[in-house]
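Participant: only geometry, no sequence info:
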């Protein structure tokens, strides 16, 4: 992600903890009915930050589309990212199968010429003209297969670009998930109106912050947070 949102997601643990208690106190005040202007401002800011992040996420996806367009016009572009990736993957798979079938057919075509050359060699009656014709044919078929293999390599490279696109989507969605979970913990209110103890909120926020630094959020942690708040 770019700009302030990326910087915010990579803040040090110390900077995060400085604002942690204030946010929890704000949520506690809401639970206790203390709807003060300052409290509302803090919670509203958290919601605003989430809204800005989601906006940046969609900007990133649009940027990914631009990068993919430059890499290859064959990669489908559209608003529905995952659907497009699936469609392109299927198309690339069909192309690879077609290339492989062509290569196998070319390989089979080599057999007659090779067998004739073997027979002429065994009989000791090598005809220079026919030998040259068969060798030229073999050379041509091998050259065709080389081109087919290059086409297969290019198709596999496009598959790698598809994987990059999926990773960008996955990263953006994980960051959104982390922010939403943080917001739920910050409010500190279970479904039904019961409040979660402040020390438990602090522990969950710290654990969520640590897990957010890894490649994937720990699924067990996500499940525990949602269960704790009645979701």
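Facilitator: It's in. This one's a predicted model, so the numbers in the text were calculated from it and none came from an experiment.

Participant: alpha carbons only for contacts and neighbour counts from here, please
Facilitator: OK.

Participant: For this protein, which segments count as helices?
Facilitator: 3-9, 13-31, 37-71, 81-123, 128-187, 198-212, 219-228 (DSSP state H).

Participant: got the angle for the fourth one vs helix 128-187?
Facilitator: Put simply, helix 81-123 runs at 160 degrees to helix 128-187, going by axes from the mean of the first three to the mean of the last three C-alpha atoms, to 10 degrees.

Participant: the bottom helix or strand of this protein by mean pLDDT?
Facilitator: The helix or strand of the chain with the lowest confidence, counting by mean pLDDT, DSSP states H and E, is helix 3-9 at a mean of 40.

Participant: Comparing the helices of the chain, which yields the minimum mean pLDDT?
Facilitator: For these, the weakest mean pLDDT is recorded on helix 3-9, namely a mean of 40.

Participant: Look up the closest residue to residue 126, ignoring the ones flanking it.
Facilitator: residue 120 (5.3 Å; C-alpha to C-alpha, 6 or more residues apart in numbering).

Participant: Could you report the neighbour count for the one you found?
Facilitator: 14 (other C-alpha atoms under 10 Å).

Participant: Same check on residue 96?
Facilitator: The local packing of residue 96 (other C-alpha under 10 Å) involves 19 other residues.

Participant: quick one, phi psi at residue 229?
Facilitator: phi -100, psi 10 (degrees, to the nearest 10).

Participant: for it, what are its contacts?
Facilitator: 184, 188-191, 196 (C-alpha atoms under 8 Å, 6 or more residues apart in numbering).

Participant: Put the buried members of these into a ChimeraX selection.
Facilitator: For the buried members of the contacts of residue 229, the matching ChimeraX selection, counting by 16 or more other C-alpha atoms under 10 Å, is:
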select :184,188,189,190,196
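
Participant: closest to residue 95 among the contacts of residue 229?
Facilitator: residue 184 (46.7 Å; C-alpha to C-alpha).

Participant: Next, count neighbours for the nearest residue to residue 201 once chain neighbours are set aside.
Facilitator: Using C-alpha to C-alpha, 6+ apart and skipping residues adjacent in sequence, the residue nearest residue 201 is residue 185, 6.0 Å away. Look at residue 185: counted by other C-alpha under 10 Å, it has 26 neighbours.
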